[in-house]
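S.K.: Fold the stuff below for me.
(chains A and B)
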Amino acid sequence: MLRLLITATVAGALAGSLCGCTGVLCDRLGLRTVAFAVAHGALAGAALSFLVGVNSIVLGMIFALFTALILGPLADTFDIPIDMVSMTLFSLYNALTFIFLILSPGIVLAAEKVSQVLWGSVLAVTLDYLIILSTIAVLYALFLVILWHRIAPILFDRRLAEAEGINVRAYTYVLIALTGLVVVFTLRITGGFLVFSLIYIPASSALQLSENMKRIVALSAVLGLISAVSGVYFSFFADLPVGSSIVICAAVILLVASVAGYFRRRSLMKIVS
Amino acid sequence: MALKPKARRDLQNKVAIKLENVSTYYSGETKPAIRDVSLEIRVGDLVLISGPNGSGKTTLLETILGLLKPREGEVLLLGHSIPREASLVRKQCSYLPQDFMKPAGEPFSVKEVVAMGLSSIRPLGKLNQNDWEAVYEVLDIFGIRNLADRPFGRLSGGQQQKVMLARALVRKPSVLFLDEPFSALDKESRAYLSREILPDLVKKGITVLLVSHDVAYRPPDCNKIIYMKDGVVVRVEE
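M.R.: Numbering: from 1, shown residues only, chains lettered A, B, ... in the order given. Got it, this is the predicted structure:
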């Protein structure tokens, strides 16, 4: 039991901090709906696995990664806003998920694996999973630290960054692919329906507390970590689903951050006036 | 450092920008935003692109920079074909866009925004001590060193425009594209930019393309005025 709790805590901490960073970057780059499309790609993949009888996690990940990799090129090739492409794929994947589940043999909606994909489970956290999540966290951190001075101008103004010679398209594709990886591997804990909460709620909280981009990214990672870890413990002690518990903790943190942000802005206004 | 007159004359014989029968269309549009534009701008020229709103001035700048792809014609910028070789030449250019304003809460400080101008021309974007000194020097030129640590979004429109001008200058570009650089400036700052900064850039051999909707405006030391209307160059004054 203790080992399970420790494993879930570490996984929650890694997933929470990765989602926190991802939320801020997606928000700044106007990629808010990318996570929706990727997560529902995973759902469609998992649903198809029940129909064809293969591993649901593997097929879910293949669908999600494929989605993350094609979103940017699709939007650029057909000159459609990426949010439109994301929401189109999101709807398509919902339809496919439903069709695959209806066509699957037996009553699969009650199956444990479908439940894992939809709602997440700490039971799905294994040592292999922790190693993969740690590797993604290290790669993500290295990407941000080493290339921050190239990423910051893109976060400030994409078109100006492009005019100044930064390869905005390449950096954006890498960030979309990283978002895809983060979503895919967080699905196991929070599930497809709640992963967005862990991505966007800590980012919203961090935006209340600072006007410094580096601090916002770091704060969002820390708040994501706190949301995930407190959610894991809350779920253990209150015997509630992990994903839902994490979202409730993240929402409480947002409430506190919003109140703190209100007073911070008021004090800033007083200093200015 | 300003160039000697002979060196300046030699430079001015070289072509910085050349357009031949260039037409650019926006996605889904059947009417071109600029049509059949042919131009030649020499190194070290100060060129004013003038015309009413919607005449294609910004489209022309963005076509030269390769941000918009021309459907017809050929664009050469510092000897490179645009947009195919744009990535090779953009590091020698600076651009002040027309829509630079950011809302309150923009999470970058003034000095960070100016330093971003150097990020694309340094290995991995990392700045050294000299770069930071250059950032503060250029803030001094516009008298905004005291704002260095303020969040960019909390500045007035005029202050934001000065920061963006500082960002354009800190790169020490070969070609400078200024799209409505006076739009948010007060009378005093406008005169300072027009009478002090622009002539100084020309003395250094920098090619400047300046867009203004104010048809009465004439910068000192201006070599060429391009008048545009409805996407067409209607007159060029040398």
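
S.K.: Pretty sure B:Arg42 sits against B:Val175.
M.R.: No. When contacts are counted by CB atoms under 8 Å, B:Arg42 is not listed as touching B:Val175 (11.4 Å). In short, each C-beta sits where N, CA and C put it, glycine included.

S.K.: The host helix or strand of B:Ser38: which residues count as buried?
M.R.: Using DSSP states H and E, B:Ser38 sits in strand B:34-42. By neighbour count on 16 or more other CB atoms under 10 Å in any protein chain shown, the buried set for strand B:34-42 is B:34-35, B:37, B:39, B:41-42.

S.K.: ok, these vs B:Phe100, which is closest?
M.R.: Proximity of the buried residues of strand B:34-42 to B:Phe100 (CB to CB) peaks at B:Ile34, which lies at 22.1 Å.

S.K.: Surely that closest one and B:Ser23 touch.
M.R.: Yes. With contact defined as CB under 8 Å, B:Ile34 counts as touching B:Ser23 (6.4 Å).

S.K.: How about the residues of the stretch 151-273 of chain A by chain B?
M.R.: Proximity of the stretch 151-273 of chain A to chain B is confined to A:152-153, A:156-157, A:159-167, A:207, A:210-213, A:216, A:272 under the rule CB under 8 Å from any CB of the partner chain.

S.K.: Inside helices: which ones of those?
M.R.: Mapping these onto helices (DSSP state H) picks out A:152-153, A:156, A:159-163, A:207, A:213, A:216, A:272.

S.K.: tell me, what's touching B:Arg42 and B:Val175 both at once?
M.R.: Residues touching both B:Arg42 and B:Val175 (CB atoms under 8 Å, 6 or more residues apart in numbering or on different chains) are B:16, B:207.

S.K.: My read is that B:Ala86 contacts B:Thr63, right?
M.R.: No. The criterion here is CB under 8 Å, and B:Ala86 misses it with B:Thr63 at 10.7 Å.

S.K.: pLDDT weak spots in the chain?
M.R.: Unless you meant another one, I'm taking chain A. For chain A, the stretches with pLDDT under 70 are A:106-117, A:122-123, A:193, A:271-273.

S.K.: oops, chain B please
M.R.: Using pLDDT under 70, chain B drops low at B:1-13.

S.K.: From B:Ile141, how far out is the closest residue to chain A within it?
M.R.: Going by CB to the nearest CB, chain A is nearest to B:Gly125 of chain B, at 2.8 Å. Noted for B:Gly125: a distance of 23 Å to B:Ile141, by CB to CB, to the nearest Å.

S.K.: what's the answer for B:Val15, then?
M.R.: For B:Val15, the distance to B:Ile141 - CB to CB - is 29 Å.

S.K.: Kindly report the same for A:Val242.
M.R.: 56 Å.

S.K.: Over to the residue in the stretch 151-273 of chain A that chain B sits nearest to: give its phi and psi.
M.R.: Nearest residue of the stretch 151-273 of chain A to chain B: A:Gly165, at 3.7 Å (CB to the nearest CB). The phi/psi pair for A:Gly165 (degrees, to the nearest 10) reads phi 100, psi 10.

S.K.: Now do the contacts for the most centrally placed residue in chain B.
M.R.: Geometric centre of chain B, nearest residue: B:Phe177, 1.5 Å, by CA atoms, centre = their mean. Contacts for B:Phe177 (CB under 8 Å, 6+ apart) come out as A:163, B:61, B:64-65, B:93-96, B:209.

S.K.: returning to what we had before: between A:Val242 and B:Ile141, which is the more surrounded one?
M.R.: Set A:Val242 next to B:Ile141 and count neighbours by other CB atoms under 10 Å in any protein chain shown: A:Val242 wins out with 28 against 18.

S.K.: For the residue nearest to the more buried one when sequence neighbours are not counted, give me its contacts.
M.R.: Closest residue to A:Val242 apart from its sequence neighbours, by CB to CB, 6 or more residues apart in numbering or on different chains: A:Ser235 at 4.5 Å. By CB under 8 Å, 6+ apart, A:Ser235 lies in contact with A:122, A:241-242, A:244-246.

S.K.: A:Ala250 is in contact with A:Phe196, isn't it?
M.R.: No. At 10.8 Å, A:Ala250 and A:Phe196 do not qualify as touching, with contact defined as CB under 8 Å.

S.K.: for the stretch 101-250 of chain A, what spans make up the helices?
M.R.: Per DSSP state H, counting those that start in this stretch, the stretch 101-250 of chain A carries helices over the ranges A:112-119, A:127-156, A:158-163, A:168-190, A:195-209, A:213-238, A:242-272.

S.K.: same check, this time on chain B
M.R.: Counting by DSSP H, the segments of chain B that form helices are B:5-12, B:57-65, B:86-89, B:110-119, B:129-141, B:157-170, B:187-192, B:198-203.

S.K.: Dump the ones you listed into TSV; add distance to A:Ala203 as well.
M.R.: Converted to TSV, the helices of chain B look like this (distance: least, CB to CB, whole Å):
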stretch	distance to A:Ala203
helix B:5-12	49
helix B:57-65	32
helix B:86-89	31
helix B:110-119	20
helix B:129-141	29
helix B:157-170	25
helix B:187-192	37
helix B:198-203	41
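
S.K.: and A:Leu96, which of those is closest to it?
M.R.: A:Leu96 lies closest to helix B:86-89 among the helices of chain B, at 38.6 Å (CB to CB).

S.K.: Could you export the strand or helix carrying A:Gly41 as CSV, CA atoms only?
M.R.: Element membership for A:Gly41, per DSSP H and E: helix A:34-52. Only the C-alpha atoms of helix A:34-52 are listed here, as CSV (Å, rounded to 0.1, in the frame of the first residue of the first chain):
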residue,chain,number,x,y,z
VAL,A,34,-4.3,20.9,-29.0
ALA,A,35,-4.5,18.9,-25.8
PHE,A,36,-8.2,18.2,-26.4
ALA,A,37,-7.4,16.7,-29.8
VAL,A,38,-4.5,14.7,-28.5
ALA,A,39,-6.3,13.3,-25.5
HIS,A,40,-9.4,12.3,-27.6
GLY,A,41,-7.0,10.7,-30.1
ALA,A,42,-5.8,8.5,-27.2
LEU,A,43,-9.5,7.7,-26.4
ALA,A,44,-10.2,6.7,-30.0
GLY,A,45,-7.1,4.5,-30.1
ALA,A,46,-8.0,2.8,-26.9
ALA,A,47,-11.6,2.2,-28.1
LEU,A,48,-10.3,0.7,-31.4
SER,A,49,-8.0,-1.6,-29.4
PHE,A,50,-11.1,-3.3,-27.9
LEU,A,51,-12.5,-3.8,-31.4
VAL,A,52,-9.3,-5.3,-32.8
